[in-house]
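> build me a model:
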Amino acid sequence: MSESILADSSVSISELKKNPMAAVSSGEGFSVAVLNHNKPEFYCIPAEAWELILDRIEDAELASIANSRMGVETVELSLDDL
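Just a heads-up that it's a prediction; the model follows:
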């Protein structure tokens, strides 16, 4: 049974153990599939890419909240009222 590799580059687990930074760098800023017996075990991504993923997830969550509040009655306030 074959498995899809969801990355443009891959390294073996042995290569990752020998030189982790070179393994991450081989992805040139994108994810790297780490293979064990030619099957993807996990994906390794640079910190900048991880931060971007988390930002997009947060944006999607905030958009969902904003969309759920569309059409809700609003109340006008002034700063003095607070």
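> contacts and neighbour counts: CA atoms only from here.
Noted.
> I'd like the distance between the most centrally placed residue in the chain and residue 46.
Against the mean C-alpha coordinate of the chain, by Cα atoms, centre = their mean, the closest residue is residue 53 at 3.3 Å. Separation of residue 53 from residue 46 (Cα to Cα, to the nearest Å): 11 Å.
> looking at this protein, which helix or strand is least sure?
The helix or strand of the chain with the poorest confidence is helix 20-25; it has a mean of 92 (mean pLDDT, DSSP states H and E).
> so where's this structure shaky on pLDDT?
1 (pLDDT under 70).
> all strands for this protein, in order.
9-12, 32-36, 39-44 (DSSP state E).
> can you tell me the strand partners of the last one and which way each runs?
Looking back up the chat, that one is strand 39-44. Using DSSP bridges, strand 39-44 pairs in its sheet with strand 32-36 (antiparallel).
> distance from the chain centre to the strand it pairs with, please.
17 Å (Cα atoms, centre = their mean, to the nearest Å).
> now that strand - C-alpha only, CSV.
Extracted in CSV, the C-alpha atoms of strand 32-36 (Å, rounded to 0.1, in the frame of the first residue of the first chain):
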residue,chain,number,x,y,z
VAL,A,32,9.9,18.2,4.8
ALA,A,33,8.6,14.7,5.1
VAL,A,34,10.6,12.5,7.4
LEU,A,35,10.5,8.9,6.2
ASN,A,36,11.0,5.7,8.1
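> one step back: the residue nearest to the centre of the chain and residue 67: what is the separation?
21 Å.
> returning to what we had before: nearest to residue 76, of the strands of the chain?
Residue 76 lies closest, by Cα to Cα, to one member of the strands of the chain: strand 39-44, at 48.4 Å.
> and that closest one, what's buried?
40, 43-44 (16 or more other Cα atoms under 10 Å).
> CA-only coordinates of that strand in CSV, if you can.
Only the C-alpha atoms of strand 39-44 are listed here, as CSV (Å, rounded to 0.1, in the frame of the first residue of the first chain):
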residue,chain,number,x,y,z
LYS,A,39,6.9,5.8,4.6
PRO,A,40,6.2,9.3,6.0
GLU,A,41,6.3,9.2,9.8
PHE,A,42,6.0,13.0,10.4
TYR,A,43,6.5,16.4,8.8
CYS,A,44,9.1,18.9,9.9
